[in-house]
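*Asks:* turn this into a structure:
(one chain, ligands or ions: 1)
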Amino acid sequence: MKINCSVYIATSLDGFIAKPDGNIEWLHDPSFTIEGEDFGYSDYMGSIDALIMGRNTFEQVLTFGDWPYQKPVIVLSSKSLNITEELEEKVHLTGGSPVEILDWATKKFGYKSFYIDGGTTIQRFLSASLIDQLTITKIPVILGQGIPLFDKIANDLRLELIDLIKFENGFVQLIYQPKYK
Ligand SMILES: NC(=O)c1ccc[n+]([C@@H]2O[C@H](COP(=O)([O-])OP(=O)(O)OC[C@H]3O[C@@H](n4cnc5c(N)ncnc54)[C@H](OP(=O)(O)O)[C@@H]3O)[C@@H](O)[C@H]2O)c1
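*Replies:* Residues are numbered from 1 along each chain as shown. A predicted model of the protein is given here:
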């Protein structure tokens, strides 16, 4: 069974996915809104079976109030987390190596296509050569400091640029496929 893992994420021009405290309000600056444009998000969400996200991203999502996902969410943590009754059916908690996590999710639920989310989580899946495609939307803002999308990696990773889309609000979306050795 072919498993597909992909990333859909936004970064500042200097490569941060959030401010040092996890804040992502800079992403939702009203001046970035383009009427009727979702930057490919709905099509992308329609293409995946489930999300796999790190605990830090999950905790940030919980601050939004309303649960934003229609698809099941697998939250990764080495700790036990309190999942509210409302989310019990929608959120599954697990941990382990990326290979073990995918194995568990495919056997238990039959999912084949995963949205990998959260900086550390993406780095771990990339290091395990498990990310098939990355859609990175560069936001025209420099934060100076924050949580990086890419931190330390053991070896250089070459990527193939599949597409580049420029939006009138200054967003630039880059679609890459890693070229693992
Ligand atoms: N700009 C964007 O589009 C975007 C998208 C997503 C997220 N974000 C932001 O990015 C920030 C979070 O990113 P992050 O790099 O801090 O981390 P993250 O990947 O969301 O979470 C990292 C945590 O996930 C757990 N984890 C990850 N892999 C695991 C594994 N294989 N097994 C067990 N646990 C595992 C660990 O939690 P434990 O310590 O509990 O073990 C780890 O500390 C948030 O502020 C979020 O809002 C931004």
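
*Asks:* which residues of this protein lie near the ligand?
*Replies:* 9-10, 17-18, 22, 24, 27, 53-57, 60, 76-79, 95-96, 117-121, 124, 147 (C-beta under 6 Å from any ligand atom). Where C-beta positions appear, they are placed from N, C-alpha and C, glycine not excepted.

*Asks:* filter those residues down to the buried ones and hand me the PyMOL line.
*Replies:* To isolate the buried ones among those in PyMOL, judged by 16 or more other C-beta atoms under 10 Å, type:
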select buried, resi 9+10+17+18+24+53+54+55+56+57+60+76+117+118+119+121+124+147
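
*Asks:* who's residue 92 bridged to?
*Replies:* Counting by DSSP bridges, residue 92 is bridged to residue 74.

*Asks:* do residue 16 as well
*Replies:* Applying DSSP bridges, one finds that residue 16 bridges with residue 148.

*Asks:* which pLDDT value belongs to it?
*Replies:* You'll see residue 16 listed with a pLDDT of 98.

*Asks:* kindly report the same for residue 151.
*Replies:* Per-residue confidence at residue 151 stands at 89 (pLDDT).
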